[in-house]
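**Q** Quick one, structure for this:
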Amino acid sequence: MSRLSQFGHKLYTGEVSYDFVGKRRIFYLISAVLLLVSLAAIPIRGLTLGIEFVGGADFQVGMQVNAQTVDQVREAVQDSGVPDLDDIEVTTLGDNTVRVQTRTLDAETEVPEVRRAIGEVAGVPGDDVTYSLIGASWGQQITQQAVIALFVFLGLVSLMIGVYFRNWKMSLTALAALIHDLILTVGIYALVGFTVTPATLIGMLTILGYSLYDTVVVFDKVRENVRDLKTSNTRTYSEAANLAVNQVLVRSINTTIIGVLPVAALLFAGAFILGVGPLKDLSLALFVGMVSGAYSSIFIATPLLTQLKEREPEMKKLAARVLARRSKQEKASAPVAAAATTAEPASKKPAEPASPDSVGDPKDDAEFENYPKAKSSMPISVGSAASPPPRVSRPLSEAAAKRPQPQNKPRSQRRKS
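**A** As a prediction, this is how the structure comes out:
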């Protein structure tokens with residue numbers, strides 16, 4: 001069994017436990033700092049909206065791309081004679097395509113001039129440069145539909161969690177975790193400067209599903225741990241919820257790593273190999289959202305739920321009963337511990353010296369030593385228990401010798417007196 005598996009088993013059984021719920025203020029502070037930075041980055045740096053939201057003209061041409069291609073195409077477009085083309089975006093799509101995005105252009109007078117300038121750099125006729133004109137109204141429609149989809153999603157999520165767990169507080173904390181992940185993702189886009197495209201909106205809606213999945217898994221384990229909580233009186237709601245977080249911690253880490261690794265590969269390929277495109281926009285939203293979702297489900301949603309539940313009168317009474325029971329157990333075990341502590345020095349008490357009365361007369365011992373000792377006629381076998389030594393009688397004194405001594409007679413010669 002690997003170390004991670006052993007660690008996960010100890011967390012699941014409660015042998016090792018980390019007080020995530022008790023240290024919720026630390027995680028609240030971390031999230032508050034991240035949210036403030038994200039909210040400040042949106043108005044300060046701003047979001048780089050794609051052409052789909054602001055409208056404009058999009059040109060693409062096939063050509064061999066090198067280190068000077070982007071600068072050459074930009075200079076050619078700016079020198080085409082069309083006014084107000086200082087703020088254009090030139091990117092490469094792979095090694096054989098160049099993409100140019102500009103403001104909204106007139107289809108009859110300005111578009112042909114820009115196509116001709118791009119074709120001269122690419123070495124192709126202007127008619128081979130493809131273009132498309134996108135109005136700002138189309139981007140507004142996409143934004144409105146995305147906002148509607150977001151509110152519909154949040155409403156259905158609240159309803160589903162409320163019906164499944166039968167607890168509106170779980171729905172509220174789950175929504176708080178989703179909004180937390182959404183703000184962090186938007187803030188990362190503002191800080192990094194990635195272009196917000198329709199693929200970005202799709203990615204943001206997708207990460208809400210990932211975040212909700214992690215939160216539901218944790219809440220399901222919390223519900224399992226608090227099922228018989230009021231009758232057992234063994235732990236409080238906070239302790240049961242914290243045990244649930246410890247039990248699903250390793251699982252959340254494993255699933256997040258497995259999910260993030262392929263998304264990170266897509267992000268690397270989209271940002272550094274393929275260049276600008278829907279792949280990069282989608283992968284960044286997924287990467288940030290999956291990491292943030294795993295964090296919020298453990299360190300935000302569950303502590304918030306515990307904080308709301310501990311305010312209920314029933315949970316307060318439960319906490320009082322648990323504390324009273326533990327105090328009673330401690331008082332009952334205190335005499336046993338004290339008795340064990342006092343018994344240990346008594347067992348180590350040194351043996352008392354022999355009293356003078358128990359010591360024999362040295363003269364008798366000397367007289368006994370001079371008397372010849374009897375020899376045992378029973379041989380002692382090696383490896384067996386030794387037989388007791390034969391009984392040796394002391395010599396009789398003169399007074400005792402004058403008295404008649406009892407004699408042992410056979411049973412047949414004994415007569416009753």
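**Q** use CA for all of it now, contacts and neighbours both
**A** OK.
**Q** List the buried residues in the host helix or strand of D181.
**A** Following DSSP states H and E, the helix or strand that holds D181 is helix 168-192. Neighbour counts over helix 168-192 (16 or more other CA atoms under 10 Å) mark 169-178, 180-191 as buried.
**Q** what ranges of the stretch 201-350 of the chain fall below the confidence cut-off?
**A** Along the stretch 201-350 of the chain, the model assigns pLDDT under 70 to residues 270-277, 334-350.
**Q** just the helices in it please.
**A** Along the stretch 201-350 of the chain, counting by DSSP state H, counting those that start in this stretch, helices occupy 229-232, 237-268, 278-296, 302-309, 313-347.
**Q** Now the first one - C-alpha only, CSV.
**A** Spelled out, it's helix 229-232. Extracted C-alpha coordinates of helix 229-232, given in CSV (Å, rounded to 0.1, in the frame of the first residue of the first chain):
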residue,chain,number,x,y,z
LEU,A,229,-25.7,12.3,15.6
LYS,A,230,-28.6,13.3,17.9
THR,A,231,-29.0,9.9,19.4
SER,A,232,-25.3,8.9,19.8
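**Q** Centroid-nearest residue for the protein?
**A** With distances taken as CA atoms, centre = their mean, L249 lies nearest the centre of the chain, 3.2 Å away.
**Q** Determine how far stretch 239-253 lies from the middle of the whole chain.
**A** Relative to the chain's own centre, stretch 239-253 is displaced by 7 Å; criterion: CA atoms, centre = their mean, to the nearest Å.
**Q** Go through that stretch and flag the buried ones.
**A** 239-250, 252.
**Q** what's the answer for stretch 32-41, then?
**A** L34, L35, S38, L39, A41.
**Q** so where do the helices sit in the stretch 51-200 of the chain?
**A** If DSSP H, counting those that start in this stretch is used as the criterion, the helices of the stretch 51-200 of the chain fall at 51-54, 69-78, 110-122, 136-165, 168-192, 198-225.
**Q** rewinding a little: would a markdown table of the buried residues of stretch 239-253 with distance to E314 be doable?
**A** Formatted as a markdown table, the buried residues of stretch 239-253 follow (distance: CA to CA, whole Å):
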| residue | distance to E314 |
| --- | --- |
| E239 | 15 |
| A240 | 15 |
| A241 | 16 |
| N242 | 19 |
| L243 | 20 |
| A244 | 20 |
| V245 | 22 |
| N246 | 25 |
| Q247 | 25 |
| V248 | 26 |
| L249 | 28 |
| V250 | 32 |
| S252 | 31 |
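**Q** closest to F20 among those residues?
**A** N242 (6.3 Å; CA to CA).
**Q** need the contact list for that closest one.
**A** N242 makes contact with Y18, D19, F20, V21 under the criterion CA atoms under 8 Å, 6 or more residues apart in numbering.
**Q** Provide the count of other residues in contact range of the nearest residue to T215 once chain neighbours are set aside.
**A** Once flanking residues are discounted, T215 sits nearest to S297: 4.5 Å by CA to CA, 6 or more residues apart in numbering. For S297, the neighbour count with other CA atoms under 10 Å is 28.
**Q** Surely S297 is in contact with D214?
**A** Yes. Applying CA atoms under 8 Å, one finds S297 in contact with D214, separated by 5.9 Å.
**Q** Can you turn the buried subset of the contacts of N242 into a selection I can paste into ChimeraX?
**A** ChimeraX command restricting the contacts of N242 to the buried ones, with burial defined by 16+ other CA under 10 Å:
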select :20,21
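**Q** Adding distance to T200, write the contacts of N242 out as a markdown table.
**A** Compiled in a markdown table, the contacts of N242 are given as follows (distance: CA to CA, whole Å):
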| residue | distance to T200 |
| --- | --- |
| Y18 | 36 |
| D19 | 36 |
| F20 | 33 |
| V21 | 34 |
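**Q** now, which of the contacts of N242 sits nearest G126?
**A** Looking across these and measuring by CA to CA, the closest to G126 is F20, at 63.5 Å.
**Q** Which secondary structure state is assigned to that closest one?
**A** Here F20 is coil, with the state taken from DSSP: H, G, I helix; E, B strand; the rest coil.
**Q** List the single closest residue to it in space, sequence neighbours excluded.
**A** Counting by CA to CA, 6+ apart, the residue nearest F20 is N242, at 6.3 Å.
**Q** Quick check: the gap between that neighbour and Q6.
**A** For N242, the distance to Q6 equals 19 Å [CA to CA, to the nearest Å].
**Q** what does stretch 316-327 rub up against?
**A** So stretch 316-327 is contacted by K230, N233, T234, R235, T236, Y237, E310 (CA under 8 Å, 6+ apart).
**Q** quick check, nearest of these to S137?
**A** Nearest member of those to S137, counting by CA to CA, is E310, at 49.7 Å.
**Q** ok, that closest one touching A240?
**A** No. If you go by CA under 8 Å, E310 and A240 don't touch, sitting 11.7 Å apart.
**Q** my guess is F194 contacts T48, does it?
**A** Yes. When contacts are counted by CA under 8 Å, F194 is listed as touching T48 (6.5 Å).
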